[in-house]
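Student: Show me how the following folds:
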Amino acid sequence: MAKVAQEMVEKAGVDIKQLVELLVKNAAAELTTFYYYTILRINLIGLEGEGIKEIAETARIEDRNHFEALVPRIYELGGRLPDDMKAFHDISACPPARLPSKPTDIKAMLTILVNAERCAVKGYTHICDLTAGKDHRTYDLSLAILNEEIEHESWFSEFLGEGPSGHFMRRGDTSPFVSKFLR
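Tutor: Sure, this is the predicted structure:
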């Protein structure tokens, strides 16, 4: 536990208990999204599905990386992950990104994917708002995750025909913003 880091965050006016709770809930969302995206990606088949599979895989791996990057900060702030995986799943900041009832419905699949990313964008924006100028480490981490979640949302929303985003799929490099927290 990083005592001085905790003291500095508290001294800056951040409610550490609230912050840790948000970080744990977002870590749960990242890990459960990784799991559900695994199922979604496997079911992206056929002409339409194959075109989305690589993007879904990148988002899936990056969500796992987000989980891995969040865990040390949770413990640095005196928090911990629940001992029970089901309890962890159930406190997720975002609803499960479950496979649609008709797995071949690519539009339904994309809607699930984009909604999961939109939930994540809202969650990390909130954490950034709480920590800006007060908890530099958590802010930097949350902003890095937010940048990747915004890109994920833009990729899926383009497939839904919501307009161009200006973002391009990454080639071979996952988590360009978060990778510095994974070293």
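
Student: Rounded mean pLDDT for stretch 154-170, please.
Tutor: Across stretch 154-170, the average pLDDT comes to 85.

Student: What of stretch 53-68?
Tutor: Rounded mean pLDDT across stretch 53-68 is 95.

Student: for stretch 110-129, same thing?
Tutor: For stretch 110-129, mean pLDDT is 97.

Student: Just give me how far that stretch sits from the chain centre.
Tutor: Stretch 110-129 has its C-alpha centroid displaced from the chain centroid by 7 Å (C-alpha atoms, centre = their mean, to the nearest Å).

Student: Now that stretch: buried residues?
Tutor: Buried residues in stretch 110-129, defined by neighbour count with 16 or more other C-beta atoms under 10 Å: 110, 112-114, 116-121, 123-124, 127-128. Bear in mind the C-beta positions are built from the backbone N, C-alpha and C, glycine included.

Student: A2 and F88: what is the separation?
Tutor: 23 Å (C-beta to C-beta, to the nearest Å).

Student: Same question for G123.
Tutor: Per C-beta to C-beta, G123 is found 16 Å from F88.

Student: do G51 as well
Tutor: As judged by C-beta to C-beta, G51 and F88 stand 33 Å apart.

Student: For these two, indicate the residue with more neighbours.
Tutor: The residue with more neighbours, out of G51 and F88, is F88; 17 against 12, by other C-beta atoms under 10 Å.

Student: quick one: what helix or strand has the more buried one in it?
Tutor: Assessed by DSSP states H and E, F88 sits inside helix 85-90.

Student: Pull the distance from that helix to the chain's centre.
Tutor: On the basis of C-alpha atoms, centre = their mean, helix 85-90 sits 16 Å off its chain's mean C-alpha point.

Student: And for stretch 71-89?
Tutor: That offset, for stretch 71-89, works out to 15 Å (C-alpha atoms, centre = their mean).

Student: Quote the end-to-end distance of it.
Tutor: Criterion C-alpha to C-alpha, to the nearest Å; first-to-last residue distance in stretch 71-89 is 15 Å.

Student: Give the buried residues for it.
Tutor: Counting neighbours by 16+ other C-beta under 10 Å, one finds that the buried residues in stretch 71-89 are V71, R73, I74, E76, L77, G79, L81, F88.

Student: Those residues into JSON lines, with extra columns for pLDDT and distance to H152?
Tutor: Shown next, in JSON lines, are the buried residues of stretch 71-89 (pLDDT from 0 to 100; distance: C-beta to C-beta, whole Å):
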{"residue": "V71", "pLDDT": "98", "distance to H152": "20"}
{"residue": "R73", "pLDDT": "97", "distance to H152": "21"}
{"residue": "I74", "pLDDT": "97", "distance to H152": "22"}
{"residue": "E76", "pLDDT": "95", "distance to H152": "26"}
{"residue": "L77", "pLDDT": "96", "distance to H152": "26"}
{"residue": "G79", "pLDDT": "96", "distance to H152": "25"}
{"residue": "L81", "pLDDT": "98", "distance to H152": "23"}
{"residue": "F88", "pLDDT": "98", "distance to H152": "22"}
